[in-house]
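Novice: The following comprises the amino acid sequence and a computationally predicted model.
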Amino acid sequence: MEVRVFDDAVSLGRFAAEQVLEAIAAKPDAVIGLATGSSPLSLYAAWAELARERGTDLSAVRGFALDEYAGIDPAHPESYHSVIAHEVVAPVGLTPEQVFVPSAEATEEAAEAYEQAIAAAGGVDVQILGIGRNGHLGFNEPGSALDSRTRRVALTAETIEDNARFFDSAADVPTEAITQGLGTIMDARKLVILAVGEAKAAAVAAAIEGPVTEAMPASIAQRHPNVVYVLDRAAASLLS
C-alpha cells in the first residue's frame with residue numbers, strides 16, 4: 001500500500017490523475033472505475049487538463065461507475081447517470097457510449113448484467129474510490145461481506161445524512177442503491193482511494209492501520225496488491 005499526502009487539492013488531483021493517465025498510456029482502451037462524490041473532483045479536473053495538455057486520445061477509454069441510487073429517474077440531476085455525465089464524461093472528454101452506470105432498477109438481473117459487462121470489458125484497470133465517513137466504498141456500508149458482488153443495498157442513516165447536501169432535504173435521498181461489491185472492487189488491477197477533509201480522518205486511519213473487518217469496509221483494500229491512498233493533510237491527520 002502506498003499513502004501519499006498533499007497540501008492542496010491541485011497537487012492531490014494531479015497525482016491521482018497521473019495514476020489514470022499512466023494506465024491509458026499503456027492501454028488506450030483502459031477500463032476506469034468511476035466514483036462520484038466530492039473527493040474525486042480534483043482528479044477529474046486534473047485528468048481533463050492533463051489530457052488536453054498532452055493531446056491524450058481518450059476516445060477508446062471505457063468507464064464503469066461504482067453505483068446508482070435505486071429507483072431514481074436517470075434524468076434526475078442527482079442520479080449518478082447524470083452526475084457521471086456532467087462531472088466526468090463531458091469535462092474529461094470520454095465517449096458517452098463507452099461509460100456505464102448500474103441500472104436504477106437495481107434488480108438481481110441488473111446486478112448480474114453489470115458484473116458480466118465488467119468481465120466482458122476485461123476487468124477494471126484503475127478503480128477510483130472515495131471513502132465514506134463510516135468507511136464505505138461505493139455503497140458497501142459497514143457489515144457488507146468482504147467478498148460481496150454487485151447488488152441492491154440499504155443505505156445507512158449516516159450515508160443518507162451525508163448525501164442530503166445534494167438534495168433538497170434528507171427525506172429526498174433514496175434509501176437504497178445498487179453498488180459494485182467489495183469483491184468486485186477488489187478485482188480491479190489498481191485502486192486509487194481519495195479522501196479530503198478532517199471528517200474522513202477517522203475512517204482513513206481505521207482503514208489503513210486498523211484490522212480488516214466488515215465493520216470497516218475500506219479496510220479490505222489492505223489485501224489489494226496495488227493500492228494508493230491520495231489524501232490531504234486533514235484526512236491524513238489521525239494516521240500514526
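Specialist: All right, it came through fine.

Novice: ranges for the helices of the protein?
Specialist: Along the chain, the segments classed as helices by DSSP state H run 9-26, 41-54, 80-84, 90-92, 108-120, 157-163, 182-186, 201-209.

Novice: which residues does the nearest residue to Gly33 once chain neighbours are set aside bridge with?
Specialist: Once flanking residues are discounted, Gly33 sits nearest to Gln127: 3.5 Å by Cβ to Cβ, 6 or more residues apart in numbering. Using the backbone N, CA and C atoms, a C-beta is placed for each residue, glycine as well. Residues in a beta bridge with Gln127, per DSSP bridges, are Gly33, Leu191.

Novice: Ranked by average pLDDT, which of the helices of the chain falls at the bottom?
Specialist: Least confidently modelled of these is helix 157-163, at a mean of 90 by mean pLDDT.

Novice: who's in contact with it?
Specialist: The contact list for helix 157-163, computed with Cβ atoms under 8 Å, 6 or more residues apart in numbering, reads 132-134, 136, 139, 141, 155, 170, 173, 175.

Novice: any idea how far Gln19 is from Ala26?
Specialist: 12 Å (Cβ to Cβ, to the nearest Å).

Novice: which one of the two has more residues nearby?
Specialist: Ranked by neighbour count (other Cβ atoms under 10 Å), Gln19 and Ala26 place Gln19 first, with 21 against 9.

Novice: which residue sits closest to that one, ignoring its sequence neighbours?
Specialist: Val192 (4.9 Å).

Novice: Please verify my assumption that that neighbour contacts Asp125.
Specialist: No - using Cβ atoms under 8 Å, Val192 makes no contact with Asp125, being 10.8 Å away.

Novice: which one of the two has more residues nearby?
Specialist: Val192 (27 against 22).

Novice: Give me the local confidence score for the more buried one.
Specialist: Val192 is given a pLDDT of 98.

Novice: Likewise for Phe166?
Specialist: Here the pLDDT value assigned to Phe166 is 89.

Novice: so who does it touch?
Specialist: 78, 173.

Novice: Let's see that with 10 Å instead.
Specialist: For Phe166, the contact set (Cβ atoms under 10 Å, 6 or more residues apart in numbering) comprises 36-38, 77-78, 83, 172-173.
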